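**Student:** Got a predicted structure plus its sequence, pasted below:
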Amino acid sequence: MSLTKWAIDLYEPTDDRASNFAIRKYFILNDADGNAPFKADNLPIGYKYGDTIKMNSSQPLTPLYNSKVDWPYSRKFEGTDPINPQSSYSFNDQVYLRLADTYLIKAEAQFS
């Protein structure tokens, strides 16, 4: 399952919901110090530490071409343990209440 180009393009550049914290749009290649306590990134040919690899969402996904390794993806479930990928456990925050719901609950509490 993947975000469509239409969904990625919905957000304005300043919208936090489309930031790299929510949607993985790039990787920064780190040396051993930057990746501590993990080992350094394997460098692709032609890159050096500190370079940014950007994901490519310029062309929409198609039924015949729907698996691209450089396509942006949601980071909601990113963080699987590399030693045990079956665990699929994530330390990322999960949103359970929308801000609008929180305001409504507060208004109802103040009204009574």
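**Tutor:** Yes, it's here.
**Student:** what's the following helix or strand after the helix or strand of the chain with the lowest mean pLDDT?
**Tutor:** When the helices and strands of the chain are scored by mean pLDDT, DSSP states H and E, helix 32-35 comes last with a mean of 78. Helices and strands here follow DSSP states H and E; after helix 32-35, the next one along the chain is strand 52-54.
**Student:** what does that next one contact?
**Tutor:** Contact partners of strand 52-54, identified using C-beta atoms under 8 Å, 6 or more residues apart in numbering, comprise 25-29, 44, 47, 70. In this view, the C-beta of every residue, glycine as well, is placed from N, C-alpha and C.
**Student:** if we go to 10 Å?
**Tutor:** 25-29, 41, 44, 47, 70, 72 (C-beta atoms under 10 Å, 6 or more residues apart in numbering).
**Student:** In strands only, show me these.
**Tutor:** 26-28 (DSSP state E).
**Student:** before we move on, back to that, out of the contacts of strand 52-54, which end up buried?
**Tutor:** 25, 29, 41, 72 (16 or more other C-beta atoms under 10 Å).
**Student:** Tell me the confidence at the first one?
**Tutor:** Just to be clear, that refers to residue 25. What the model reports as pLDDT for residue 25 is 86.
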